[in-house]
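Enquirer: sequence first, predicted coordinates after that:
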Amino acid sequence: MHAIEILELRKTFKGEKRTRVEALKGVSLAVERGEVFGFLGPNGAGKSTTIKILLGLIRPTGGKALVLGVDAGSPKARMRVGYLPENPAFFDYLKGEEYLAFVGSCFGLNRATIEERSAAILQRLDLWEARKRPVRTYSKGMVQRLGLAQVLIHDPDVYILDEPMSGLDPVGRAIVKEIIVELKRAGKCVLFSTHVTADVETVCDRVGILTKGILQSVEQVKTILTEGITGYRVYLKGARGTEETGEFQVSKESLPAFIAACSGRGDEIVLIEPQRKNLEAFFLDIIKKKTC
């Protein structure tokens, strides 16, 4: 059973002057337990529409979406999902710890469990000192971290995160990435959308690229980075270490011959550094092909 399964998902909205806007055009996708899946696409690609269908916030025009084998949006499915919207908003008169207690009670947690989990999560997200302050006094980054805290409080099996690192400083971003990796190790499923391809490279197993309502590509991140190697930067030190280290640009095809020549001369290879297209280049290549 897949953690998330989308089958020929379609969604059509009514536009202006009785026009029809196809937000999703037969999207199919499966995401497994213990997998971190990155959802990339330009504005208006259909990412948010897909997420809203998975949460039961809107209904599809056609196809189906399942969470852990159950129709997405059903009460049973919602109990096992944690959701972080792109711009979370809370009851700003509540204190941080009060809001987590409210969320925990909505999921049927008892007081002792809520207190135990809240303490651990607030400390993990560097919100412990601010736990007794009203949410309206929080900075944008603190609000974002509180949003992640309320996702974690009921320990769901599936996490759907919409731009989870938006508005965070470098320390906050690092914490969130660490938590996503920890969730993967715990066998959780994480699907998150982002515009920052570097985040996908760091934590994702696979990435899907959505444009104009069509899932254009689903690839292993490791495959993209490995197959995207265009050449190498090789650092050499002369025989017996008597010469300064030199830097050489070597094409992908020429590397074996270059290494053999170095060995024959007695040169020491200090470092071989691959030069590759990053995920952003891969993403932009697909966008250009589909918009030409």
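Expert: Yep, that arrived.

Enquirer: show me the strands in the stretch 151-292 of the chain, by range?
Expert: 158-162, 189-193, 206-211, 214-220, 229-237, 246-251, 268-276 (DSSP state E, counting those that start in this stretch).

Enquirer: tabulate these (TSV), appending distance to residue 98, mean neighbour count and mean pLDDT.
Expert: (Glycine included, C-beta is placed from N, CA and C.) Formatted as TSV, those follow (distance: least, CB to CB, whole Å; neighbours: other CB atoms under 10 Å; pLDDT from 0 to 100):
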stretch	distance to residue 98	mean neighbour count	mean pLDDT
strand 158-162	23	24	94
strand 189-193	27	24	93
strand 206-211	37	22	90
strand 214-220	41	17	88
strand 229-237	52	16	83
strand 246-251	58	12	86
strand 268-276	48	14	81
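
Enquirer: I'd like those strands laid out as a markdown table, including distance to residue 100.
Expert: Output for those, formatted as a markdown table (distance: least, CB to CB, whole Å):
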| stretch | distance to residue 100 |
| --- | --- |
| strand 158-162 | 16 |
| strand 189-193 | 20 |
| strand 206-211 | 31 |
| strand 214-220 | 35 |
| strand 229-237 | 45 |
| strand 246-251 | 53 |
| strand 268-276 | 42 |
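
Enquirer: what's the strand or helix carrying residue 123 packed up against?
Expert: Assessed by DSSP states H and E, residue 123 sits inside helix 111-124. If you count contacts as 3 or more CB pairs under 8 Å, 6 or more residues apart in numbering; DSSP states H and E, helix 111-124 packs onto helix 96-106, helix 140-152.

Enquirer: now the angle from the first one to helix 140-152?
Expert: With axes from the mean of the first three to the mean of the last three CA atoms, to 10 degrees as the criterion, the two stretches helix 96-106 and helix 140-152 enclose an angle of 30 degrees.

Enquirer: okay, domains of the chain per the record?
Expert: 4-225, 230-276 (automatic domain parsing).

Enquirer: let me know which of the ones you listed is tucked in deepest.
Expert: domain 4-225 (a mean of 18; mean count of other CB atoms under 10 Å).

Enquirer: how about low-confidence regions in this structure?
Expert: The chain contains residues with pLDDT under 70 at 228, 238-245, 276-280, 282-284, 286-292.

Enquirer: wait, isn't residue 32 in contact with residue 190?
Expert: No: using CB atoms under 8 Å as the test, residue 32 is too far from residue 190 to be in contact (10.8 Å).

Enquirer: got a list of what the residue lying closest to residue 128 once chain neighbours are set aside touches?
Expert: What sits nearest to residue 128 in space, not counting adjacent residues and going by CB to CB, 6 or more residues apart in numbering, is residue 122, at 4.7 Å. Residue 122 makes contact with 96, 97, 100, 128, 131, 149, according to CB atoms under 8 Å, 6 or more residues apart in numbering.

Enquirer: over to residue 234?
Expert: If you count contacts by CB under 8 Å, 6+ apart, residue 234 has them with 247, 248, 249, 250, 255, 258, 269, 271, 272, 273.
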